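Colleague: Coordinates for the following, if possible.
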Amino acid sequence: MASGVDRISALPDDVLHHVLGFLPAQEVVRTCVLARRWRGVWRSVPALRFTGAEGWDSADRFAQFVDQLLLHLWCAGGVNAPLDTCDFDFDSDGFMLLPTGEQHASRWIREVVSRVRALWIRVVEDFMEPSPLFDDLHPVSQHITRLELVGVGVNDKVVDFSGCPALVQLNMEDCDVFLQQIFVSILEASAHRPLLRF
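Modeller: As a prediction, this is how the structure comes out:
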């Protein structure tokens, strides 16, 4: 930038959103201080990545940030403004070991599941059994097409994905699953069957 020209700010919003989709959510929000052009770009980013409490002053500060960001996005974008992707990565950051960590994470996921097309949830703590994040797994979403769970415990008699008619891919890796039945709807006008990977 020897010439003093800010070429990045001149890029179209869709290109900036694509680039910002690779950054953790807190870094995306911080871009608002770069220049006047960047003030509102973060508000319409189609992908959110929450990388856990590591690097925050405290787990409470991380939880407050996620609460406020989700509230702001839902109020600004309306209830039916779907995200392309949302990624919750609680991999070895200690957040899920805290008494309120699972409560916060469960609430965030319930809020996000109806507003996202692809949802990744990774809960892997060293020397920890898979987290019982879904004791009541009955998501309802017209948008979600892909759900990936890593290190998540599902402890329910019935898991019902029939409220997610667009779901075409469900991946579960290193999960403890204790259930008697699983319901998955099949897209009507499609030859594709949902891909279930356990």
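
Colleague: In this structure, what residue spans correspond to helices?
Modeller: Here the chain has its helices, by DSSP state H, at 13-20, 25-30, 59-77, 101-113.

Colleague: of all the ones you listed, which lies closest to residue 144?
Modeller: Nearest to residue 144 among the helices of the chain is helix 101-113; the distance by CB to CB comes to 6.3 Å. C-betas here are computed from N, CA, C, even on glycine.

Colleague: Low-confidence ranges, the chain, go.
Modeller: 1-4, 76-81, 92, 125-137, 155-157, 183-198 (pLDDT under 70).

Colleague: Against residue 109, how distant is the residue most central in space within it?
Modeller: In the chain, the C-alpha nearest the mean C-alpha coordinate belongs to residue 86, at 2.9 Å (CA atoms, centre = their mean). Relative to residue 109, residue 86 is positioned 9 Å away (CB to CB, to the nearest Å).

Colleague: can you list residues touching both of these two?
Modeller: Common neighbours of residue 86 and residue 109, using CB atoms under 8 Å, 6 or more residues apart in numbering, are residue 119.

Colleague: pretty sure residue 86 is touching residue 48, no?
Modeller: Yes - with contact defined as CB atoms under 8 Å, residue 86 reaches residue 48; the gap is 4.8 Å.

Colleague: coming back round to it: now the helices of the chain as JSON lines including mean neighbour count and distance to residue 40?
Modeller: Formatted as JSON lines, the helices of the chain follow (neighbours: other CB atoms under 10 Å; distance: least, CB to CB, whole Å):
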{"stretch": "helix 13-20", "mean neighbour count": "15", "distance to residue 40": "9"}
{"stretch": "helix 25-30", "mean neighbour count": "18", "distance to residue 40": "11"}
{"stretch": "helix 59-77", "mean neighbour count": "15", "distance to residue 40": "9"}
{"stretch": "helix 101-113", "mean neighbour count": "18", "distance to residue 40": "21"}
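
Colleague: Those helices into a markdown table, with extra columns for distance to residue 5?
Modeller: Formatted as a markdown table, the helices of the chain follow (distance: least, CB to CB, whole Å):
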| stretch | distance to residue 5 |
| --- | --- |
| helix 13-20 | 16 |
| helix 25-30 | 22 |
| helix 59-77 | 31 |
| helix 101-113 | 38 |
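
Colleague: For residue 140, which of those is the nearest?
Modeller: With respect to residue 140, and counting by CB to CB, the nearest of the helices of the chain is helix 101-113 at 7.7 Å.

Colleague: Which other helices and strands does the closest one contact?
Modeller: Contacts defined by 3 or more CB pairs under 8 Å, 6 or more residues apart in numbering; DSSP states H and E place helix 101-113 against helix 59-77, strand 83-89, strand 116-122, strand 131-134.

Colleague: Out of those, which gets nearest to residue 23?
Modeller: strand 83-89 (11.2 Å).

Colleague: I'd like the distance between residue 91 and residue 144.
Modeller: As judged by CB to CB, residue 91 and residue 144 stand 22 Å apart.

Colleague: More neighbours: those two, which one.
Modeller: Ranked by neighbour count (other CB atoms under 10 Å), residue 91 and residue 144 place residue 144 first, with 27 against 17.
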